[in-house]
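Participant: pasting a predicted model and its sequence here:
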Amino acid sequence: NAGVTQTPKFRVLKTGQSMTLLCAQDMNHEYMYWYRQDPGMGLRLIHYSVGEGTTAKGEVPDGYNVSRLKKQNFLLGLESAAPSQTSVYFCASSSYDNQPQHFGDGTRLSIL
Amino acid sequence: KQEVTQIPAALSVPEGENLVLNCSFTDSAIYNLQWFRQDPGKGLTSLLLIQSSQREQTSGRLNASLDKSSGRSTLYIAASQPGDSATYLCAVGYTGANSKLTFGKGITLSVRP
């Protein structure tokens, strides 16, 4: 069972470059989330979506944009990458409100 | 601002020991509380979810309890094994937060053979 799949798994960018991280889930979940995990900071919510075509800001949304054009996909974009965005990015999904969140294996992003 | 605290940050125990991992939160208006496991280089795996109306949940050797009034949850691991070595995170969902979670920083557990 695939569950939540994140693409790519690793990436190195130069400052100012742009890129898109893809999250795909095959569980027909309504809710999807993007988190970043940094040493000493724990997991912080960047953006989330409560259904196809919807997005909302989380705790640390600056410098990121998202889109949920299809129910199974949630895209995270960095328009102009900065070294402060070096992190491990996790996507998660849940079937509905108040249900367990299922996580992907993460994307390790380094920005030089 | 809701805060979730997990102390200590790391714990090392011998195999076979029963152990308790603690989680505390500042706002008692919680919707649910989840415990996750994270292995090195991997994502998070949901272990247990406790609804705000529940006092505990059990799965195999794991038992999680919730005391909203004191702002605490504990994860009890019975008869620990080296395979239990991982980072354990608790996360709190708050009422009206649209299933958004606030995470603790985790407890890194090492079970020695």
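Facilitator: Everything's here; your move.
Participant: got the CA positions of stretch B:82-89 in PDB?
Facilitator: The C-alpha coordinates for stretch B:82-89 follow below in PDB (Å, rounded to 0.1, in the frame of the first residue of the first chain):
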ATOM      1  CA  PRO B  82      15.300  -2.800  21.100                       C
ATOM      2  CA  GLY B  83      12.900  -2.500  18.200                       C
ATOM      3  CA  ASP B  84      11.000   0.200  20.300                       C
ATOM      4  CA  SER B  85      14.000   2.500  19.900                       C
ATOM      5  CA  ALA B  86      12.800   5.600  18.000                       C
ATOM      6  CA  THR B  87      11.600   9.100  18.700                       C
ATOM      7  CA  TYR B  88       8.100   9.400  20.200                       C
ATOM      8  CA  LEU B  89       6.100  12.600  19.600                       C
END
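Participant: and that stretch, anywhere near chain A?
Facilitator: Yes - applying C-beta under 8 Å from any C-beta of the partner chain, one finds stretch B:82-89 in contact with chain A at residue B:89. Where you see a C-beta, it was placed from the backbone N, CA and C, and this is true even at glycine.
Participant: what comes up buried for that stretch?
Facilitator: B:84, B:85, B:86, B:87, B:88, B:89 (16 or more other C-beta atoms under 10 Å in any protein chain shown).
Participant: got it, and stretch A:24-42?
Facilitator: A:24, A:25, A:29, A:30, A:31, A:32, A:33, A:34, A:35, A:36, A:37, A:42.
Participant: pretty sure the last one sits against residue B:105.
Facilitator: I take that to be residue A:42. Yes - the pair residue A:42 / residue B:105 is scored as a contact, 4.2 Å apart, by C-beta atoms under 8 Å.
Participant: give me the common contacts of those two.
Facilitator: residue B:89 (C-beta atoms under 8 Å, 6 or more residues apart in numbering or on different chains).
Participant: which residues are contacting the one helix or strand in chain B whose mean pLDDT sits lowest?
Facilitator: Ranked by mean pLDDT, DSSP states H and E, the weakest helix or strand in chain B is strand B:101-103, scoring a mean of 91. For strand B:101-103, contacts defined as C-beta under 8 Å, 6+ apart pick out A:42-45, A:101, B:2-4, B:25, B:34, B:89-94.
Participant: among these, who's most crowded?
Facilitator: The most crowded member of these is residue B:90, carrying 30 neighbours; neighbours defined as other C-beta atoms under 10 Å in any protein chain shown.
Participant: now, which of the buried residues of stretch A:24-42 lie within strands?
Facilitator: A:24, A:25, A:31, A:32, A:33, A:34, A:35, A:36, A:37, A:42 (DSSP state E).
Participant: intersect those with the contacts of chain B.
Facilitator: Answer for these near chain B (C-beta under 8 Å from any C-beta): A:31, A:33, A:42.
Participant: which one of those is nearest residue A:66?
Facilitator: residue A:33 (9.9 Å; C-beta to C-beta).
Participant: and the pLDDT for the most centrally placed residue in chain A?
Facilitator: Closest to where the C-alpha atoms of chain A average out (C-alpha atoms, centre = their mean) is residue A:34, at 3.1 Å. If you check residue A:34, the pLDDT there is 97.
Participant: near chain B, which residues of chain A are found?
Facilitator: So chain A meets chain B at A:4, A:31, A:33, A:40-45, A:48, A:50, A:56, A:58, A:90, A:92, A:94, A:96-106 (C-beta under 8 Å from any C-beta).
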